[in-house]
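Colleague: sharing a model that was predicted from the sequence below.
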Amino acid sequence: MAKQVISGSGTEGLPLSEAVRAGDFVFVSGMVGFGPDGRIVEGGIGAETDRIMADVADILKRAGATLADIVKVNICLTDAKDFAAFNEAYARYFRKDPPARVSLAASLTINARVEMDFIAYTGK
């Protein structure tokens, strides 16, 4: 099975790929809510989540997938108190048959409230 690297401007010079397609799976690297200016978007956990979801939708499109193809999400919150607000934002994207997921609270290496990585499956 050949792998296809999905690259974007956000990973230039870093030792990672934005995403990798391997067969019917697309693995998206951890993402935070960076705005066009390279800074974390303002507005709290909901705004960061919305930005991540917009960015992952773009990455998946370039890989031949959609948000509906996501089967697994790993979520890291920097503050467990943000869990309810995060869920409110996250639920807007997965109204039916949401993906499996893991949510945990831990510190991040950058000043973001949430980081998420994704696995999508495009096979039938």
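Modeller: Good, I have the coordinates. Residues are numbered from 1 along each chain as shown.
Colleague: strands paired with the helix or strand bottoming out on mean pLDDT in the chain, and their directions?
Modeller: Least confident helix or strand of the chain, by mean pLDDT, DSSP states H and E, is strand 3-6 with a mean of 90. Applying DSSP bridges to the sheet, strand 3-6 is found paired with strand 19-22 (antiparallel).
Colleague: what residues sit buried inside the least confident helix or strand of the chain?
Modeller: Neighbour-count burial for strand 3-6, counted by 16 or more other Cβ atoms under 10 Å, picks out residue 6. (Glycine included, C-beta is placed from N, CA and C.)
Colleague: just the C-alpha atoms of that strand, please, in CSV.
Modeller: Output in CSV follows, covering the C-alpha atoms of strand 3-6 (Å, rounded to 0.1, in the frame of the first residue of the first chain):
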residue,chain,number,x,y,z
LYS,A,3,1.2,6.3,1.2
GLN,A,4,0.4,9.8,0.1
VAL,A,5,1.6,12.8,2.1
ILE,A,6,-0.8,15.7,2.3
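Colleague: and that strand, how far out from the chain's middle?
Modeller: 17 Å (Cα atoms, centre = their mean, to the nearest Å).
Colleague: hmm, who's touching that strand?
Modeller: With Cβ atoms under 8 Å, 6 or more residues apart in numbering as the test, strand 3-6 has contacts from 17, 18, 19, 20, 21, 22, 26, 59, 62, 63.
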